[in-house]
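**Q** with the sequence up front, the predicted model follows.
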Amino acid sequence: MQAQLVFLHTSPVHVAGFDALMQELAPGLKVHHHVDESLLIAAQQFGATDAAVIQKVEAAMHVASTNCATDYVGMVVCTCSSIGGIAERMNGRSGLRTARIDRAMADRAVALGPRILLVAALESTLDPTTELLMESARAASKTIEISTLLPEQAWGHFLQGDRQAYLQAISDAVRLALQDTTAGIDVVVLAQASMAAAAEELSDLGVEVLSSPRLGVARAISALTHA
């Protein structure tokens, strides 16, 4: 059986973007997508450390891995930054290989730091991504400084399906934050996969703006092909 990469999403809007990335980076690799919007809702309500939320995410990861019985599942990658830590901690359990999409982004941010601007449209994403960045910093024996930014109204635009307004709210907030800061920023981290297109809009800032999809997919592909 051929190895397959499985993505667990908390919104169906991510499927097309990740399909396009896979076609660009590894067109021969089979891909499966599993969407469970209730996972993010639960994480928003109760937090990613809640026992019931953890159990719910773990169950979804197993479902994602068993919904494609015709091929061997090489890895299940969680694309939601709010619950990515839960998914990553499952790695090696019950023979399941797992990853979070934003680990590669965090490693890159730490390498570019130390002054990191962490941007999230959803408040429940800030703590998990902050902890992720700190983990990457400890692994690299580096000290980092994290400033956070939560653009007002951005998530409302996302929920309404207005992608352009969502990305514009993020871009505007980042530009304003960099104008106002006196400490300086070395790298901007766009915490959520849905924010990726804003990185292109902000390419003229003079600092690198990171998003998780391309970096995370590239790392997952590398892990599979070099296993």
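**A** Okay, I see it. None of these values were measured; they are calculated from a predicted model.
**Q** immediately after the helix or strand Ser171 falls within, which helix or strand?
**A** Using DSSP states H and E, Ser171 maps to helix 163-180. For helix 163-180, the following helix or strand on the C-terminal side (DSSP H and E) is strand 187-190.
**Q** put the alpha carbons of that next one into CSV.
**A** Extracted C-alpha coordinates of strand 187-190, given in CSV (Å, rounded to 0.1, in the frame of the first residue of the first chain):
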residue,chain,number,x,y,z
VAL,A,187,10.0,38.3,12.6
VAL,A,188,6.2,38.2,12.4
VAL,A,189,4.4,34.9,13.1
LEU,A,190,0.9,34.4,11.6
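**Q** other SSEs contacting that strand?
**A** helix 103-112, strand 115-119, helix 163-180, helix 196-201, strand 208-211 (3 or more CB pairs under 8 Å, 6 or more residues apart in numbering; DSSP states H and E). Every C-beta, even on glycine, is put in place using the N, C-alpha and C of the backbone.
**Q** touching the first one from outside, list them.
**A** Put plainly, it is helix 103-112. If you take CB atoms under 8 Å, 6 or more residues apart in numbering as the criterion, helix 103-112 is touched by 84, 88, 116, 129, 132-133, 135-137, 139-140, 142, 144, 186-187, 189, 208, 210-212, 215-216, 218-219.
**Q** from those residues, keep the buried residues only.
**A** Restricting those to buried positions leaves 84, 88, 116, 129, 132-133, 135-137, 144, 187, 189, 210-212, 215-216, 219, with burial counted as 16 or more other CB atoms under 10 Å.
**Q** so where's this structure uncertain?
**A** Low-confidence regions of the chain, defined by pLDDT under 70, span residues 1-3, 67-73, 181-183, 227.
**Q** what segments of the chain are helices?
**A** Counting by DSSP state H, the chain has helices at residues 14-25, 38-46, 51-66, 84-89, 103-112, 123-139, 154-159, 163-180, 196-201, 212-225.
**Q** what's the third one packed up against?
**A** The reference is to helix 51-66. Judged by 3+ CB pairs under 8 Å, 6+ apart, the packing partners of helix 51-66 are strand 3-9, strand 30-35, helix 38-46, strand 72-78, helix 84-89.
**Q** now the third one, how far from the centre of its chain.
**A** Taking CA atoms, centre = their mean, to the nearest Å, one finds helix 38-46 lying 16 Å from the centre of the chain it belongs to.
**Q** ditto for the second one
**A** Strand 30-35 sits 16 Å away from the centroid of its parent chain (CA atoms, centre = their mean).
**Q** partners of that strand, with directions?
**A** strand 3-9 (parallel) (DSSP bridges).
**Q** can you say which of the helices and strands packed on helix 51-66 is nearest to Asp180?
**A** Nearest of the helices and strands packed on helix 51-66 to Asp180, taken as CB to CB: helix 38-46 at 28.1 Å.
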